[in-house]
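> please work out how this folds:
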Amino acid sequence: MEAFRMVMETGSVTQAGKLLYISQPAVSRLIADLEEHVNFQLFDRRKKRLIPTVEAKLLYDEVEKAFIGLSSIEDTAQSILELKRGHLRLIAMPGIAILLLPQVIKDFSQQYPDITIELESRTRLQVMEWISSHQYDLGFANLPLEGSDVELHSSFPMEMVCVVSKTHSLATRCTITASDLKDEIFISYPRGTHIRFAVDQAFENSIINRQIKVETRSSEEILNLVSTGFGIVVVPRFANKSLGSEILSFIPLIPPVMMQLGVFLQVNKTCQLHQSASLNPSAIT
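Below is the predicted model:
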């Protein structure tokens, strides 16, 4: 345990060995023995550097409490392994962060009350960049995957629906086709976004030309505009879980328009907090 403490403080196996008056291989062997004992990885080894894992930082907090006893440390290790403690840093595209993740986080926190969560919303590109640079643990964004430093943890289908105000003539329809939307005013996500691309493709072979009057990246702003009775929009179905169900109608499209939501993490990330986490958006999409 002392070897682990020295490596955490110095960031170097060599320096830890010097302080403990033992060889570098001996320190490495002690760290390996500790990892085997607690049953999770303590350091990511990259380019001759040791980067502490989330579990290592949690374990170090216990070690620093004046070596309060091996039994307490072992309890902490087991709690980490069973996902009873820890801190998760989440980053998601704005629409996902605002409309989907609140319910996901609520359900997760009820199951794991001692896990704290940090949530940030950024563009899809920033989600990928901040995951690859280790600033955040899990990222939520539309597929396809981009970037060699992130990997796909899981993916979930997202059905797109047409949203109209309750006062709209189409509000009572069970389904909507492209031809039903002739002469309607559209509110849309901007060009260059994956949602816009998916919707454009869906209407590409239809007989109508959409009259797009407003473009915005904000799902919340889009739904607020539609709630006034101005225009219609096509958004992911999960939007009806958070905003406007009393004043908006969410109507399935025929044929269906689908996208894929991906959950991303760092390449080769072995953190048990990530592997075990039940942050599963599929339950409410």
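> mind giving me the packing neighbours of the longest helix seen in the chain?
The helix that spans the most residues within the chain, counting by DSSP state H, is helix 24-38. Using 3 or more CB pairs under 8 Å, 6 or more residues apart in numbering; DSSP states H and E, the elements in contact with helix 24-38 are helix 2-10, helix 13-20, helix 70-81. C-beta here means a position set from N, CA and C on the backbone, and glycine is covered the same way.
> considering those, which stretch scores lowest in mean pLDDT?
With a mean of 53, helix 70-81 has the lowest mean pLDDT of those.
> ok, then the element right after it?
The C-terminal neighbour of helix 70-81 among helices and strands, as given by DSSP states H and E, is strand 86-92.
> which positions in the helix or strand that comes right after the longest helix of the chain come out as buried?
On the C-terminal side of helix 24-38, the closest following helix or strand by DSSP H and E is strand 43-46. For strand 43-46, the neighbour count (16 or more other CB atoms under 10 Å) marks Phe43, Asp44 as buried.
> so what does strand 43-46 touch, helix or strand wise?
Applying 3+ CB pairs under 8 Å, 6+ apart, we find strand 43-46 packed against strand 49-52.
> and the contacts of stretch 12-27?
Applying CB atoms under 8 Å, 6 or more residues apart in numbering, the external contacts of stretch 12-27 come out as Glu2, Ala3, Met6, Val7, Glu9, Thr10, Ser28, Ile31, Leu50.
> picking that back up, now do the longest helix of the chain against helix 2-10, angle only.
110 degrees (axes from the mean of the first three to the mean of the last three CA atoms, to 10 degrees).
> now the strands for the stretch 151-285 of the chain?
Counting by DSSP state E, counting those that start in this stretch, one finds strands in the stretch 151-285 of the chain at the ranges 185-188, 211-215, 233-236, 248-266.
> and Phe43, which of these is closest to it?
Proximity to Phe43, assessed across the strands of the stretch 151-285 of the chain by CB to CB, is greatest for strand 248-266 (14.2 Å).
> could you give the separation of the closest one from the chain centroid?
With CA atoms, centre = their mean, to the nearest Å as the basis, strand 248-266 stands 16 Å off its chain's centre.
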